[in-house]
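> Mind looking at a prediction? Sequence and model below.
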2 protein chains.
Amino acid sequence: MTEQTGARGRSVTTRPLPKSHRTRERILDAAARVLSRKGYAGTRLQDVAAEAGLQAPAIYYYFGSRDALIAEVMYVGAHRVRGHVSDVLAALPEGTGAMDKILAAIEAHLRYELLISDYTTASVRNAGQVPVEVRERSAAEEAAYSHMWRDLFEAAIAADALRPDLDPNLARFLILGAMNWAAEWWDPGHRTLDDLVKATQDLVLGGIGRH
Amino acid sequence: MTEQTGARGRSVTTRPLPKSHRTRERILDAAARVLSRKGYAGTRLQDVAAEAGLQAPAIYYYFGSRDALIAEVMYVGAHRVRGHVSDVLAALPEGTGAMDKILAAIEAHLRYELLISDYTTASVRNAGQVPVEVRERSAAEEAAYSHMWRDLFEAAIAADALRPDLDPNLARFLILGAMNWAAEWWDPGHRTLDDLVKATQDLVLGGIGRH
DNA sequence: GTCTATATGCTGATAGAC
DNA sequence: GTCTATCAGCATATAGAC
């Protein structure tokens, strides 16, 4: 949970990341992969260690417990998606319209979600299966992300860019659900990411845009 | 996997369902509940038995193994949804349009999915976590259901009811994803089912309908 | 930092009484 | 049909060498 190691700069070195940091990241990636495929109860430290190229007890040097490792995976995935979408929105030109912001958020969400799909599917598949204590930090992160989307929709309503008879909360959940689920079925070898982004934007635009 | 007991009519009785059949169903419902909350690896026979009101070894009278029980849960959920939507479509008036059929299928899917939501969430959350052997029967059922939806979209294309630039496969996956995910967040105490059905139909209609 | 060895607890499954 | 008793296997976590 807390960082037991970090960039401490033990000596003057040219490496930007200390070895311990990189090992920790490798364990985290391995845990995301195992967690997404085997689920919370099925995530064995032995499997995580094998994916990361070390032995199970070594994990305890970086994480206090199995639950702490899993909690970190859930948190990191949610945190990074929110950070990415937030950055993209912040970089948009000043006068960008409310609906264009939603479309940009959709593209940013899909691209980043599918880029770190192990974290995404781990989070999506296990959100309801992980014990509450383990989910606390990631749940807070997801709430903040959800709040961000609500703001986008409310700005669109204020700008009169949405259909007046629309229930923005239901629509938001449906759209986020459709996107989150994409990590489960989207096959890069079959459809390009650009096609998926466009299909999602088209569905949303036609569905909630005034016309 | 195979039915070890069933409606055998051991003697003339007024009860429509033999006790063994009802107990089996109770175990199945309990397993769906536990599977949806704890996941594949976390589903303990002890917990299933407790939910069903009996001891763990009694489960072996009805199911050959833990995997056989879980496979049956996954299969039954998918099978019943497909049967329900299929029945609803079959009962539609002769001249029902292709787009109205899709809207009817959406309503039928959502209503049944949320009615047996333990089976639905069990299936959705564990589809990618359950071993392939255990998933075989339910995967075949889901493929058949997916095929049914593809037919609905192809009929709509043939009737020129869809936007010409639409990728029907991507749209189908996005819509089914949005619906399946509803079992995860929809709260009956907060929004009515009618509202959810309408919101989904509106999103889909505006999104893929010609206008 | 990472390893080997090990203590401890829990789970699926079977045997056999009732 | 359902129970109690029990076996065998496996996973987390710790101890301690290197």
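Nice, thanks for sending it over.

> Now do the same contact list for the residue of chain A found nearest DNA strand D.
Of all residues in chain A, residue A:66 sits closest to DNA strand D, at 3.3 Å by C-beta to the nearest atom of the strand. Any C-beta I mention is one placed from the backbone N, CA and C, and that applies to glycine too. Going by C-beta atoms under 8 Å, 6 or more residues apart in numbering or on different chains, residue A:66 touches A:43, A:45.

> Give me the helices and strands touching the top helix by length along chain A, please.
Identified as the longest helix of chain A according to DSSP state H is helix A:132-158. Helix A:132-158 makes packing contacts with helix A:66-90, helix A:98-115, helix A:168-185 when contacts are defined by 3 or more C-beta pairs under 8 Å, 6 or more residues apart in numbering or on different chains; DSSP states H and E.

> Off-centre distance for that helix?
12 Å (C-alpha atoms, centre = their mean, to the nearest Å).

> hmm, that helix touching DNA strand D?
No. Judged by C-beta under 7 Å from any atom of the strand, helix A:132-158 stays clear of DNA strand D, getting no closer than 11.0 Å.

> where does chain A have low pLDDT?
A:1-17, A:207-211 (pLDDT under 70).

> and it, which residues reach DNA strand D?
A:43-46, A:56-57, A:60, A:65-67.

> Take these and write them to CSV, including distance to DNA strand C.
Shown next, in CSV, are these (distance: C-beta to the nearest atom of the strand, whole Å):
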residue, distance to DNA strand C
A:43, 15
A:44, 11
A:45, 10
A:46, 10
A:56, 7
A:57, 4
A:60, 7
A:65, 14
A:66, 13
A:67, 15
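
> out of these, which are inside helices?
Those of the residues of chain A next to DNA strand D mapping onto helices are A:45-46, A:60, A:66-67, per DSSP H.

> Any chance of a PyMOL selection covering the buried ones in the residues you listed?
Only the buried entries of those go into this PyMOL selection, using 16 or more other C-beta atoms under 10 Å in any protein chain shown:
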select buried, chain A and resi 45+66
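
> Farthest-apart pair in the ones in helices among the residues of chain A next to DNA strand D, please.
Within these, A:46 and A:67 form the most distant pair, 16.1 Å apart (C-beta to C-beta).

> how distant is stretch A:24-33 from the center of its chain?
For stretch A:24-33, the distance to the chain centre is 15 Å (C-alpha atoms, centre = their mean).

> Next, the buried residues of it.
Per 16+ other C-beta under 10 Å, stretch A:24-33 contains these buried residues: A:24, A:27-33.

> residues in chain A within reach of DNA strand C, list them.
A:5, A:18-20, A:23, A:49, A:54-58, A:61.

> and which of those is nearest to residue A:186?
residue A:49 (29.3 Å).

> Check whether the closest one sits in a helix, strand or coil.
Three-state call for residue A:49 (DSSP: H, G, I helix; E, B strand; the rest coil): helix.

> Name all residues that make contact with it.
For residue A:49, the contact set (C-beta under 8 Å, 6+ apart) comprises A:27, A:30, A:55-56, A:58-59.

> so how many other residues sit close to residue A:134?
When neighbours are counted by other C-beta atoms under 10 Å in any protein chain shown, residue A:134 registers 23.

> Settle this for me: it is touching residue A:69, isn't it.
No. At 9.8 Å, residue A:134 does not count as touching residue A:69 under the criterion of C-beta atoms under 8 Å.

> and the gap between residue A:101 and residue A:173?
18 Å (C-beta to C-beta, to the nearest Å).

> who has more neighbours, these two?
residue A:173 (22 against 19).

> wait, doesn't the more buried one sit right on residue B:187?
No. Using C-beta under 8 Å, residue A:173 makes no contact with residue B:187, being 10.3 Å away.

> State the helix or strand in which residue A:121 lies.
Assessed by DSSP states H and E, residue A:121 sits inside helix A:117-126.

> Now do that helix: everything it contacts.
A:29, A:32-33, A:35-36, A:39-40, A:73-74, A:76-78, A:80-81, A:113-114, A:138, A:180-181, A:183-184, B:39, B:125-126, B:128-129.

> and if we set it to 6 Å?
With contact meaning C-beta atoms under 6 Å, 6 or more residues apart in numbering or on different chains, helix A:117-126 is reached by A:32-33, A:35-36, A:40, A:73-74, A:77, A:113, A:180, A:183, B:125.

> Put together TSV for those residues, with distance to residue A:160 on each row.
Listed next are the contacts of helix A:117-126 as TSV, based on distance: C-beta to C-beta, whole Å:
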residue	distance to residue A:160
A:32	41
A:33	45
A:35	43
A:36	41
A:40	44
A:73	41
A:74	38
A:77	35
A:113	30
A:180	29
A:183	33
B:125	39
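
> Check these and tell me the two furthest apart.
A:40 and A:113 (20.0 Å).

> one step back: identify the farthest-apart pair in the contacts of residue A:49.
Of all pairs in those, the most separated under C-beta to C-beta is A:30 and A:55 at 12.6 Å.

> And the residue lying closest to residue A:138 once chain neighbours are set aside, how far from residue A:118?
Distances taken as C-beta to C-beta, 6 or more residues apart in numbering or on different chains place residue A:74 nearest to residue A:138, at 3.7 Å, with adjacent residues excluded. Separation of residue A:74 from residue A:118 (C-beta to C-beta) stands at 12 Å.
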